[in-house]
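> quick one, what's the 3D model for this:
(one chain, ligands or ions: 2)
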Amino acid sequence: MSALDLAQHPHRRFNPLTGEWLLVSPHRSQRPWQGQQEAPDRSQRPAYDPTCYLCAGNTRANGAVNPAYTGTFAFDNDFAALTPDAPAGTVEMGGLLRAEAESGVGRVICFSPRHDLTLPEMSTPDIRRVVDVWAEEFASLGARPDINYVQIFENKGAVMGCSNPHPHGQVWAQRTVPGDPAKETVQQQAYFQQHGRSLLADYLELELNEQVRIVLENEHFVVLVPFWAAWPFETLVLPRRVVQDVTQLTDAERDRFADVIRRLTIRYDNLFQTSFPYSAGLHQRPTDGQQHPEWHLHMHFFPPLLRSATVRKFMVGYELLANPQRDITPEYAAQRLRELPEVHYKQTTA
Ligand code: H2U
Ligand code: ZN
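Residues are numbered from 1 along each chain as shown. Ligands and ions are numbered 1, 2, ... in the order given. Next up, the predicted model:
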């Protein structure tokens with residue numbers, strides 16, 4: 001038997017951020033693929049859609065009217081999953097079944113008044129305004145005594161269940177720290193206690209030395225395909241400086257954050273010449289009043305596409321029953337993303 005080669009042999013990888021494992025089967029990606037070659041998606045939307053509930057000046061489903069906003073616009077979600085005034089209390093049955101009241105706030109953030117744009121089609125200064133809104137939302141929601149965690153995210157594309165192509169994201173802020181951020185807190189705390197350093201700062205240093213999973217970088221941010229990525233083209237966006245939340249980013253860091261978001265999402269669109277769907281979001285310290293020196297702000301991108309604009313990965317079968325699995329390696333995915341141009345394909349002639 002030869003030595004374990006991560007590019008060829010089946011193996012499992014540890015995710016130090018969640019403490020979970022991933023199965024990697026690189027030998028399977030050598031399977032022949034005769035998928036369809038799809039034409040680039042050059043469809044256009046109007047800059048303003050009178051039927052869109054997020055466009056400026058339009059009336060929303062519940063009758064509220066959007067202001068004539070020119071930059072970003074945040075409002076309370078009219079159909080929020082969480083409400084601040086939910087009755088308190090717990091329900092227990094037989095020492096086995098347990099339910100707890102949960103309260104919180106839902107917000108919607110319009111990234112731009114332009115109905116026809118997405119993040120990769122927006123300018124860096126305009127994306128910077130989105131970063132500023134994230135900071136404002138985190139600061140105001142996180143300061144509330146009834147909010148202990150603020151989840152900021154974007155769900156993009158119909159395949160991700162996004163209901164409206166108008167560029168927007170959401171904020172769900174709540175009383176408890178939910179699943180993944182709670183796992184990441186435990187893992188980062190354990191690492192910090194043992195080493196006195198940020199887990200992700202050490203990880204970033206390792207990746208910068210290796211140079212195999214880095215996709216792009218600038219003065220203040222690095223984008224990489226994490227060693228433990230489960231989705232084919234999953235990426236992690238990391239600030240070089242350890243900060244616990246987005247409000248701590250300096251002016252220059254916020255600009256560079258916008259820069260990497262723009263460059264990454266352009267590469268994503270160029271990969272399959274389509275408006276690339278994903279769920280993406282910030283992971284930040286809980287706002288529970290504790291110090292969280294272990295926390296290192298980061299942004300995850302979880303895109304479902306695998307081989308083309310229509311051939312996606314499903315988390316099914318073994319993955320639903322056991323743990324996530326991938327065929328193409330994170331190293332290969334990073335190389336594919338690195339090779340792509342940073343000019344949006346819609347801005348080049350066919
Ligand atoms: P998506 O990001 O999944 O497309 O959701 C958009 C959100 O916008 C969704 O949570 C809210 C929905 O509740 N919404 C309003 O707040 N007002 C409306 O008039 C329609 C949709
Ligand atoms: Zn719109």
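> quick one: low-confidence parts of this protein?
Residue ranges of the chain with pLDDT under 70: 1, 30-36, 350.
> quickly note the distance from the most centrally placed residue in it to A158.
The centroid of the chain falls nearest to A280 when counting by C-alpha atoms, centre = their mean (1.9 Å). Using C-beta to C-beta, to the nearest Å, we find A280 at a distance of 16 Å from A158. Where you see a C-beta, it was placed from the backbone N, CA and C, and this is true even at glycine.
> cool, and H220?
Between H220 and A158 the distance, using C-beta to C-beta, works out to 33 Å.
> and the two? Which one has more around it.
Between H220 and A158, counted using other C-beta atoms under 10 Å, H220 has the larger neighbour count: 19 against 11.
> hang on, F153 in a strand?
Yes - residue state for F153 (DSSP: H, G, I helix; E, B strand; the rest coil) corresponds to a strand.
> I'd say it and Q170 touch.
Yes - the pair formed by F153 and Q170 meets the contact definition of C-beta atoms under 8 Å, at 5.9 Å.
> for A101, see how far away Q290 is.
Using C-beta to C-beta, one obtains 22 Å as the distance from Q290 to A101.
> try G95
As judged by C-beta to C-beta, G95 and A101 stand 19 Å apart.
> with R267 instead?
For R267, the distance to A101 - C-beta to C-beta - is 43 Å.
> and if you look at F257?
Taking C-beta to C-beta, one finds F257 at 36 Å from A101.
> quick one: which of those two has more around it?
F257 (25 against 11).
> list the contacts of that one.
Applying C-beta atoms under 8 Å, 6 or more residues apart in numbering to F257 gives the contacts 128, 131, 220-221, 237, 239, 249.
> now do 7 Å
For F257, the contact set (C-beta atoms under 7 Å, 6 or more residues apart in numbering) comprises 131, 221, 249.
> same deal with N323?
Neighbouring residues of N323 by C-beta under 7 Å, 6+ apart: 20-23.
> so which residues of this structure form strands?
Taking DSSP state E as the criterion, the chain contains strands spanning 11-15, 20-24, 73-76, 90-93, 97-100, 104-110, 149-156, 168-174, 214-217, 221-224, 235-239, 278-283, 298-302, 325-326.
> most tightly surrounded among those strands?
Counting by mean count of other C-beta atoms under 10 Å, strand 235-239 has the highest mean neighbour count of the strands of the chain, with a mean of 24.
> listing partners with orientation, what would you give for that strand?
Here strand 235-239 is paired, per DSSP bridges, with strand 221-224 (antiparallel), strand 298-302 (antiparallel).
> and the residue of the stretch 151-300 of the chain closest to ligand 1?
The stretch 151-300 of the chain approaches ligand 1 most closely through S163 (3.6 Å), counting by C-beta to the nearest ligand atom.
> could you give the number of residues near that residue?
Other residues close to S163 by other C-beta under 10 Å number 10.
> and it, backbone torsions?
With angles defined as degrees, to the nearest 10, S163 shows backbone torsions of phi -90, psi -10.
> roughly how far does it sit from ligand 2?
S163 is 12 Å from ligand 2, where distance means C-beta to the ion, to the nearest Å.
> related to what we said a few turns ago, ok, which of the strands paired with strand 235-239 comes nearest A86?
strand 298-302 (27.9 Å; C-beta to C-beta).
> hmm, who's touching the closest one?
The contact list for strand 298-302 (C-beta under 7 Å, 6+ apart) reads 200, 231, 234-238, 278-283.
> what's the local residue count around the residue of the stretch 251-350 of the chain found nearest ligand 2?
Using C-beta to the ion, the closest approach of the stretch 251-350 of the chain to ligand 2 is made by S275 at 14.8 Å. Using other C-beta under 10 Å, S275 has 20 neighbouring residues.
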